[in-house]
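[1] Pasting the sequence and the predicted coordinates here, then a few questions.
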Amino acid sequence: MNKLNMNNSIINDENNNIIVSKDSIYTIMNHSLKTFNIEVKSNCKVIINDFRIIDKEDTNIKIKINGKASLIYNHSFINKNKYELNINTTYKSEESEIILNIHGINDKGFNTTNVSGIMSDKKNNILIEDIRLININNGSGIIIPNILAETSKIIANHNTTIGTISEDELSYLMSKGISETEAKNLILTGFLINIFKDKGLITKIKEIIYWR
Amino acid sequence: MLKIENLNVKINNKDILKDFNLDIKLGEIHGIMGPNGIGKSTICKTIIGDPIYLVTKGKIFFNSKDLLKLNITQRAKEGIYLVNQNPIEIPGVTNAEMLRVALFEKTGEVVNIYEFNKKLEETCDKLSIPRSFIHRGINEGMSGGERKKNELLHLWMLEPKLIILDEIDSGLDVDSIKVVCDNLKEYYKNHKVSILIITHGPQLLKLLSATHIHILNEGKIIATGDYNLALKVGKEGYKKYNKAYLVSENEKNE
């Protein structure tokens, strides 16, 4: 069983079911937990910060959210080999919000990111999927963002980008006297940490990123 | 300090600069004026070494060094600094982090954090920008005016010798233009530098006391003078410097 460092409001059983019943911030840092089901109870606000350096991994996350609750899942990763990320979101009631911020770097690796947002006929829910991949060193990736909605009384957005390091950003930093290699390091690190607000986590990520 | 000789520049297979010449000596403040889309920004991008701009002929020397042999980083290390009209944002890379790396690469020495932070804070105060900018992502979520002030924050820290201002007055309100120009003048007084100003109108040239004014058309400088030339263009517009106009005037004379 994967024991997680969480407060008392979260129950983690043998099936990796996590039930959150009060406002929580949860950090996953290169954790071995590959599959988990998270249910956010009514009126709770939850933030999950998840950073991983991946060799070969499949991660499956099922999110259930109850009424007037919110979940922000921030996930950044460096994929060195093969990474399949599957996220499934289900709304059990109304007036809830799920925001998925995923920033990944495929460094030689291949990544598939499948996100299924099942909004059904529940009204006044919000789903925002922001998934961005940068491919370096012949890395590659596929993003499959799905949103299923059976009512117009919802807000559902997805933004997906796959590309390489921005030439404009690179030229800008080089025009300040920074070498191409260091400029790339700055851009990639910034891309990975930009979705997190936790300064402690940002510092840790900077410490362990291999190209620094 | 900067000498450009018979420069031809292409972008996307289109000739932009043709036999372009410019000579800026130490301490001089030059202004290049011209209507929209005439290639003013091409001059800036070519001097800093943006690889999109293809030099097909001519030379650029900076303090006698052949700039065309240097890449963007090397040119910046020589002391060339561009303030863009639309500085881009780089989320997640803070001003402090970028400047520490840039200074380390320039000097080869680890930055003294106390002195570095002190100078950053003092410069923020001088520019009337919050000190929180120091640890904010580069230009992230900043207005046009804030971005230009942020670029001046970088300028004070990196201490360049040639400052190129590419239409920095666009998108700035009257008060912000004054803050930016006062700050640039202070930098100019305290450092031995030259400035190249690219602009549409005479306002910025007056505020920065430009010593030499050039009019750009058809990819080359077609008129040079002092600030009175800028005033003349401000009153009469660029029509007089349009090739078609000049041809028809010549025909009239004939």
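    Sure thing, it's come through. None of these values were measured; they are calculated from a predicted model. Numbers count the residues shown, from 1 in each chain, chains lettered A, B, ... in the order given.
[2] Find the helix or strand that the closest residue to B:Gly219 other than its chain neighbours is a member of.
    In space, and not counting its chain neighbours, B:Gly219 is closest to B:Lys18: 3.7 Å by CB to CB, 6 or more residues apart in numbering or on different chains. All C-beta spots, glycine's among them, are computed from the backbone N, C-alpha and C. Counting by DSSP states H and E, the element that carries B:Lys18 is strand B:14-24.
[3] Quick one: list the elements packing against that strand.
    Packing partners of strand B:14-24 (3 or more CB pairs under 8 Å, 6 or more residues apart in numbering or on different chains; DSSP states H and E): strand B:2-11, strand B:29-33, helix B:40-48, strand B:220-225.
[4] at 6 Å what do you get?
    Here strand B:14-24 touches strand B:2-11, strand B:220-225, going by 3 or more CB pairs under 6 Å, 6 or more residues apart in numbering or on different chains; DSSP states H and E.
[5] who does the longest one pair up with?
    What it means is strand B:2-11. strand B:14-24 (antiparallel), strand B:54-62 (antiparallel) (DSSP bridges).
[6] Now do the buried residues in it.
    By 16 or more other CB atoms under 10 Å in any protein chain shown, the buried positions in strand B:2-11 come out as B:2-4, B:7-11.
[7] distance between that strand and the chain's centre?
    The chain centroid and the centroid of strand B:2-11 are separated by 16 Å, computed with CA atoms, centre = their mean, to the nearest Å.
[8] Stretch B:67-86 too?
    Chain-centre distance of stretch B:67-86: 10 Å, with CA atoms, centre = their mean.
[9] Briefly note if stretch B:75-93 comes near chain A.
    Yes - Stretch B:75-93 is in contact with chain A by CB under 6 Å from any CB of the partner chain, via B:76-77, B:82, B:88, B:90-93.
[10] residues in contact with that stretch?
    Outside of stretch B:75-93, the residues within contact range by CB atoms under 6 Å, 6 or more residues apart in numbering or on different chains are A:168-169, A:172, A:175-177, A:186, A:190-191, A:193-194, B:44, B:48-49, B:62, B:67, B:106, B:137-140, B:147, B:151, B:155, B:160-168, B:170.
[11] how many neighbours does the closest residue to chain A within the stretch 1-150 of chain B have?
    At 2.7 Å from chain A, B:Gly92 is the closest residue in the stretch 1-150 of chain B, using CB to the nearest CB. Neighbourhood size, B:Gly92 [other CB atoms under 10 Å in any protein chain shown]: 23.
[12] what comes up buried for the longest helix along chain A?
    When chain A is parsed with DSSP state H, its longest helix is helix A:180-193. Using 16+ other CB under 10 Å as the test for burial, helix A:180-193 gives A:182-193.
[13] Do a quick rundown of the strands in chain B.
    B:2-11, B:14-24, B:29-33, B:54-62, B:65-66, B:80-83, B:90-94, B:137-138, B:162-166, B:194-199, B:212-217, B:220-225 (DSSP state E).
[14] now swap in chain A and tell me
    Along chain A, counting by DSSP E, strands occupy A:10-12, A:17-20, A:24-29, A:35-40, A:45-65, A:70-91, A:97-107, A:110-120, A:126-136, A:140-149, A:155-163.
[15] separation between B:Lys192 and chain A?
    Distance of B:Lys192 to chain A, computed by CB to the nearest CB, to the nearest Å: 19 Å.
[16] residues contacting the residue nearest the centre of chain A?
    Nearest to the geometric centre of chain A sits A:His75, at 2.5 Å (CA atoms, centre = their mean). Taking CB under 6 Å, 6+ apart, we find A:His75 in contact with A:50, A:102.
[17] now it: how far from A:Arg52?
    Counting by CB to CB, to the nearest Å, the separation of A:His75 from A:Arg52 is 8 Å.
[18] Give me the nearest residue to residue 25, chain neighbours excluded.
    You didn't say which chain, so I picked chain A. Closest residue in space to A:Ile25, ignoring its immediate chain neighbours: A:Ile47 at 4.7 Å, by CB to CB, 6+ apart.
[19] ah, I was thinking of chain B
    Using CB to CB, 6+ apart, the nearest residue to B:Lys25 is B:Met1, at 5.9 Å.
[20] Okay, angle between the longest helix along chain B and strand B:29-33 too, please.
    Secondary structure of chain B per DSSP H: the longest helix is helix B:174-190. Angle, helix B:174-190 to strand B:29-33, by axes from the mean of the first three to the mean of the last three CA atoms, to 10 degrees: 140 degrees.
[21] Now do helix B:174-190 against strand B:194-199, angle only.
    Per the same axes, to 10 degrees, the angle that helix B:174-190 makes with strand B:194-199 is 160 degrees.
[22] so how far is helix B:174-190 from its chain's centroid?
    With CA atoms, centre = their mean, you get 14 Å for helix B:174-190.
[23] Send me it as PDB with only the CA atoms.
    C-alpha atoms of helix B:174-190 as PDB (Å, rounded to 0.1, in the frame of the first residue of the first chain):
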ATOM      1  CA  VAL B 174       2.800  60.500 -20.900                       C
ATOM      2  CA  ASP B 175       3.900  59.900 -17.300                       C
ATOM      3  CA  SER B 176       5.500  56.500 -18.100                       C
ATOM      4  CA  ILE B 177       7.400  58.000 -21.100                       C
ATOM      5  CA  LYS B 178       8.900  60.600 -18.700                       C
ATOM      6  CA  VAL B 179       9.900  58.100 -16.100                       C
ATOM      7  CA  VAL B 180      11.500  55.900 -18.700                       C
ATOM      8  CA  CYS B 181      13.300  58.800 -20.400                       C
ATOM      9  CA  ASP B 182      14.500  60.300 -17.100                       C
ATOM     10  CA  ASN B 183      15.800  56.900 -16.100                       C
ATOM     11  CA  LEU B 184      17.600  56.400 -19.400                       C
ATOM     12  CA  LYS B 185      19.200  59.900 -19.100                       C
ATOM     13  CA  GLU B 186      20.400  59.100 -15.600                       C
ATOM     14  CA  TYR B 187      22.000  55.900 -16.900                       C
ATOM     15  CA  TYR B 188      23.500  57.800 -19.800                       C
ATOM     16  CA  LYS B 189      25.000  60.400 -17.500                       C
ATOM     17  CA  ASN B 190      26.500  57.700 -15.200                       C
END
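[24] contacting residues for B:Ile29?
    B:195, B:208, B:210-211.
[25] Now which of those would you call buried?
    By neighbour count, with 16+ other CB under 10 Å, those hold B:195, B:208, B:210-211 as buried.
[26] State the number of residues packed around A:Glu167.
    11.
[27] Please report how far it lies from A:Lys184.
    11 Å.
[28] go on, A:Lys197?
    24 Å.
[29] Check what pLDDT residue 33 gets.
    In the absence of a named chain, chain A is used. Predicted confidence (pLDDT) for A:Leu33: 68.
[30] Switch to chain B, please.
    94.
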